[in-house]
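Chemist: can you look at this prediction? I've put the sequence above it.
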Amino acid sequence: MVIGAASAGTVFEWYDFYLYGSLAGFITQHFFSGVNETTGYIFALLAFAAGFAVRPFGAIVFGRLGDLWGRKNTFLVTMLLMGLSTFSVGLLPGYDQIGVAAPVILILMRLLQGLALGGEYGGAATYVAEHAPPGRRGLYTSWIQTTATLGLFLSLIVILVVRSMTGEDVFKAWAWRIPFLVSAVLLAVSLWIRLKLNESPVFQKMVDEGKTSKKPLAESFGQWSNLKVVLLALLGLTAGQAVVWYTGQFYALFFLEKMLKVDGPTTNTLVAFALILGTPFFVVFGWLSDKIGRKPIILAGCLLAAVTYFPIFKGLTEAANPALAHATARAPVVVIADPADCSFQFDPVGKTAFTSSCDVAKSALASAGITYENQTALPGSTAVVRIGGAELTGFDGRDLDKTAFTERKGAWTKELTAALHAAGYPEKADPAQVNKPMVVALLFLLMLYVTMVYGPVAAALVEMFPARIRYTSMSLPYHIGNGWFGGFLPTTAFAMVAATGDIYYGLWYPIVVAAFTAVVGLLFVREMRGANIDD
């Protein structure tokens, strides 16, 4: 009952949170249509990341309440806050109806979601761990670790069902809101289940003995002895765990759909299959951590991810869009331009016109999802796009008025598209050519790394901190790791890809963080398996 009730509520909260990530493309169209396409997509990812940005603050606020009020009461509040903010997104008018107020309100809802989730996880993990017998703590808490994946899986299933029932045109127009509205039903069920729970026996014992903390924030972060453990938990465990988690589940989905141009339903189906295959391993590695320790499994997952990400994602390209992979190898694209002519094309207010020959060329290639290399040209020269042995000279639109520039860019983009097609570059991935078993196998491998780093981490964090300040102390490093290091991964990686033209360049972010965590964890983090958590 304890595991089931805690897990059911947490599945619901992750479902709410990940709906936004899965529907980021539709969010862009309806709430960020006032800026150019690339900026709009980055804004949509930033709005997604906004929920992650405030998670540490939610951890502080609700972690403190959890150590003062109790575990059960606090995560009832966080669940209610999460559910109402998600339901509101389904009713929110778009940019075309209320203008800039639409993205502003959307971001406010995301901030509320992030605050709620910041308090949810620490409460659920602490609650289950404080009920578990010492030798099975990793096994019991690993069920909580499945909830993030199950929440993502549930969101994908609901999206697939609604898409298939309404059709793509209706889904794009308004039916994308239905999964958000469905959350009201899940909220009611989850609240009913959690209201049946009793308080954690460890917390109840502290209350009876008068040993609860009066100032959990000061004890957690104002004393170096505990703050040092918080920092080690962040840098030696959760930072690497977070980037591996978000790369294996979210960035892989984003990579297939945005970079490799696999259609949305196919992408969601393939990811869903990988999640089904991989989810049991959360429990497997949680159980194994009771036998051999938490630290070896988590750090091994970080190290394996850092070493193998590049070949795995290149393998995804070969399997999911073989025509793109072959064209890239046979006829590589090079942008030859004066670096002074090239801008970082991020326009927050939608007012900047990127009209230089370099910007026009890179914008068109980025929109087409084409990987390119950069080559320096003579100062003042017009950019040239080389596709294999063919070359297409760009144009400088800075002296053209808006109408003339739009017409000239449209004509030039058609020439570029024709040249790319002639070189074998596909506009989209051909569903018949997608090697689905291989894609699922590679996604499963990424998922296996996720289960290694995530399955044992709840038990590891619970065992690192004393009971009187546990909720507060463990929540902060977990949510800085997952909220900041992990949550900003899609945005950061996409910006790195957009800046360099290399669809694999964004992988350097999770690789560096995972490798750093493996080193810090190996050298400085103590193994706490089996520690007494009652005091």
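Modeler: Yep, that arrived.

Chemist: where does pLDDT dip in the chain?
Modeler: Across the chain, the ranges flagged by pLDDT under 70 are 9, 13, 17, 21, 33-42, 45, 345-353, 535.

Chemist: and the strands in it, which stretches?
Modeler: Counting by DSSP state E, the segments of the chain that form strands are 333-337, 372-376, 384-387, 390-393.

Chemist: now those in JSON lines, with mean neighbour count and distance to residue 484?
Modeler: For every residue, glycine as well, the C-beta is placed using N, CA and C. JSON lines is the format used below for the strands of the chain (neighbours: other Cβ atoms under 10 Å; distance: least, Cβ to Cβ, whole Å):
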{"stretch": "strand 333-337", "mean neighbour count": "21", "distance to residue 484": "33"}
{"stretch": "strand 372-376", "mean neighbour count": "15", "distance to residue 484": "30"}
{"stretch": "strand 384-387", "mean neighbour count": "22", "distance to residue 484": "37"}
{"stretch": "strand 390-393", "mean neighbour count": "14", "distance to residue 484": "41"}
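
Chemist: I'd like to know which of the ones you listed lies nearest to residue 91.
Modeler: Ranking these by their distance to residue 91 (criterion: Cβ to Cβ) puts strand 372-376 first, at 41.7 Å.

Chemist: run the angle between that closest one and strand 333-337 for me.
Modeler: If you take axes from the mean of the first three to the mean of the last three Cα atoms, to 10 degrees, strand 372-376 sits at 30 degrees to strand 333-337.

Chemist: strand 372-376 pairs with which strands?
Modeler: Using DSSP bridges, strand 372-376 pairs in its sheet with strand 333-337 (parallel).

Chemist: circling back: what's the closest of the strands of the chain to residue 303?
Modeler: strand 372-376 (29.9 Å).

Chemist: report the distance from that closest one to the chain centre.
Modeler: On the basis of Cα atoms, centre = their mean, to the nearest Å, strand 372-376 is displaced by 29 Å from the centre of the chain it belongs to.

Chemist: equivalent analysis for stretch 295-313, please.
Modeler: In this view, stretch 295-313 has its centroid 18 Å away from the chain centroid, taken as Cα atoms, centre = their mean.

Chemist: list the buried residues of it.
Modeler: Under the neighbour-count criterion of 16 or more other Cβ atoms under 10 Å, stretch 295-313 has 295-299, 301-306, 309, 312-313 buried.

Chemist: identify, from these, the entry nearest to residue 119.
Modeler: Closest to residue 119 out of the buried residues of stretch 295-313 is residue 298 (23.5 Å), distances taken as Cβ to Cβ.

Chemist: my read is that that closest one contacts residue 452, right?
Modeler: Yes. Using Cβ atoms under 8 Å, residue 298 is in contact with residue 452, at 6.9 Å.

Chemist: for residue 233, which non-adjacent residue is closest in space?
Modeler: residue 477 (4.0 Å; Cβ to Cβ, 6 or more residues apart in numbering).

Chemist: dump the residue contacts of the one you found.
Modeler: If you count contacts by Cβ atoms under 8 Å, 6 or more residues apart in numbering, residue 477 has them with 230, 231, 233, 234, 237, 238, 461.

Chemist: and if we set it to 10 Å?
Modeler: 56, 59, 229-239, 461, 464-465 (Cβ atoms under 10 Å, 6 or more residues apart in numbering).

Chemist: follow-up on the earlier one: take the buried residues of stretch 295-313 and keep only those in helices.
Modeler: Mapping those onto helices (DSSP state H) picks out 295-299, 301-306, 309, 312-313.

Chemist: so residue 223 makes contact with residue 469?
Modeler: Yes. Look at residue 223 against residue 469 with Cβ atoms under 10 Å: they come within range, at 9.5 Å.

Chemist: compare those two and say which is more crowded by neighbours.
Modeler: Set residue 223 next to residue 469 and count neighbours by other Cβ atoms under 10 Å: residue 469 wins out with 24 against 11.

Chemist: distance of that one from residue 458?
Modeler: Taking Cβ to Cβ, to the nearest Å as the measure, residue 469 falls 17 Å from residue 458.

Chemist: one more: residue 442?
Modeler: 27 Å.

Chemist: okay, those two: which has more neighbours?
Modeler: Ranked by neighbour count (other Cβ under 10 Å), residue 442 and residue 458 place residue 458 first, with 29 against 23.

Chemist: show me the contacts for that one.
Modeler: 121-122, 124-126, 128-129, 137-138, 140-145, 286, 289, 294, 474, 478.

Chemist: if we use 8 Å, what do you get?
Modeler: Taking Cβ under 8 Å, 6+ apart as the contact definition, residue 458 lies against 125, 128, 129, 141, 142, 144, 145.

Chemist: please apply the same query to residue 468.
Modeler: By Cβ under 8 Å, 6+ apart, residue 468 lies in contact with 67, 206, 211, 212, 213, 216, 219.

Chemist: swap in 7 Å and give it another go.
Modeler: Listed by Cβ atoms under 7 Å, 6 or more residues apart in numbering, the contact set of residue 468 reads 67, 206, 211, 212, 213.

Chemist: then residue 368?
Modeler: Counted by Cβ under 7 Å, 6+ apart, residue 368 has contacts residue 420.

Chemist: now do the one 4 residues further on
Modeler: Applying Cβ under 7 Å, 6+ apart, we find residue 372 in contact with 333, 334, 335, 365, 501.

Chemist: please apply the same query to residue 136.
Modeler: So residue 136 contacts residue 290 (Cβ under 7 Å, 6+ apart).

Chemist: next one: it from residue 290, what distance?
Modeler: Per Cβ to Cβ, residue 136 is found 6 Å from residue 290.

Chemist: could you do residue 110 as well?
Modeler: Separation of residue 110 from residue 290 (Cβ to Cβ) stands at 37 Å.

Chemist: which of these two has more neighbours?
Modeler: Neighbour totals were compared for residue 110 and residue 290, and residue 110 leads with 25 against 21 (other Cβ under 10 Å).

Chemist: which of the contacts of residue 468 fall in helices?
Modeler: Using DSSP H, the contacts of residue 468 in helices are 67, 206.

Chemist: buried among the contacts of residue 468? Make that a ChimeraX selection.
Modeler: Taking 16+ other Cβ under 10 Å as the burial criterion, the selection of buried members of the contacts of residue 468 in ChimeraX is written as:
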select :67,206,212,213
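
Chemist: now flag whichever of the contacts of residue 468 is closest to residue 512.
Modeler: So of the contacts of residue 468, ranked by how close each gets to residue 512 (Cβ to Cβ), first place is residue 67, at 34.2 Å.

Chemist: name all residues that make contact with the residue nearest to that closest one when sequence neighbours are not counted.
Modeler: In this structure, residue 67 finds its nearest non-sequential neighbour in residue 216, 3.9 Å apart by Cβ to Cβ, 6+ apart. Taking Cβ under 7 Å, 6+ apart, we find residue 216 in contact with 64, 67, 68, 469, 472.

Chemist: same thing but 10 Å
Modeler: Each residue near residue 216 by Cβ under 10 Å, 6+ apart is listed here: 60, 63-68, 468-473.

Chemist: can you pull out the helices in the stretch 151-300 of the chain?
Modeler: 168-173, 178-194, 201-209, 216-221, 224-233, 239-246, 252-254, 264-278, 280-292, 294-320 (DSSP state H, counting those that start in this stretch).

Chemist: which of these is buried the deepest?
Modeler: helix 239-246 (a mean of 30; mean count of other Cβ atoms under 10 Å).
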